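Undergrad: I would like the atomic coordinates for the input below:
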Amino acid sequence: MDYPDGDIFAGEVIGTAILILFGALIGAVLVTGIGLSLGGPTGYPINPARDLGPRIAHALLPIPNKGTSEWNYAWIPVTGPLIGGTLSALIYKLAF
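TA: Residues are numbered from 1 along each chain as shown. I've put the predicted structure just below:
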């Protein structure tokens with residue numbers, strides 16, 4: 001059966017839109033689930049920039065009566081996700 005070009009184009013547009021929409025929704029639900037289940041001690045423990053950037057800004061900005069930037073703890077939310085990402089890549093590589 002011959003389909004008009006407009007029908008084929010519409011199918012491509014709709015198919016791609018659904019793929020991207022559901023991919024984004026799954027990603028958002030995944031990040032929310034990880035944050036809610038594992039984020040008690042540190043917040044969302046999957047993004048080193050979420051912790052390191054504000055900590056550097058806090059250390060550099062001249063805020064009166066500010067507390068410590070807690071640099072003795074700063075390595076945990078930075079190296080933890082990096083090691084976790086490396087570990088997941090190794091597991092994926094071994095499994096597939």
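Undergrad: Show me what the biggest helix by length in the chain is packed against.
TA: Assignment by DSSP state H gives helix 5-38 as the longest helix of the chain. On a contact count with 3 or more C-beta pairs under 8 Å, 6 or more residues apart in numbering; DSSP states H and E, helix 5-38 meets no helix or strand. Where you see a C-beta, it was placed from the backbone N, CA and C, and this is true even at glycine.
Undergrad: tell me the mean pLDDT for it?
TA: For helix 5-38, the mean per-residue pLDDT is 89.
Undergrad: Buried residues, whichever helix or strand comes after it. List them.
TA: For helix 5-38, the succeeding helix or strand toward the C-terminus, using DSSP states H and E, is helix 48-60. Residues 48, 51, 55 are the ones in helix 48-60 that count as buried (16 or more other C-beta atoms under 10 Å).
Undergrad: between those residues, which is nearest Thr68?
TA: Arg55 (10.3 Å; C-beta to C-beta).
Undergrad: so what's that closest one up against?
TA: For Arg55, the contacting residues are 69-71, 74, by C-beta atoms under 8 Å, 6 or more residues apart in numbering.
Undergrad: Give me the residues contacting stretch 72-86.
TA: Applying C-beta under 8 Å, 6+ apart, the contact partners of stretch 72-86 are 42, 45-48, 50-52, 55.
Undergrad: Just flag the most distant two among these.
TA: Top of the distance list for the contacts of stretch 72-86 (C-beta to C-beta): Ile46 and Arg55, 16.7 Å.
Undergrad: sec struct for Lys66, please.
TA: Following DSSP: H, G, I helix; E, B strand; the rest coil, the label given to Lys66 is coil.
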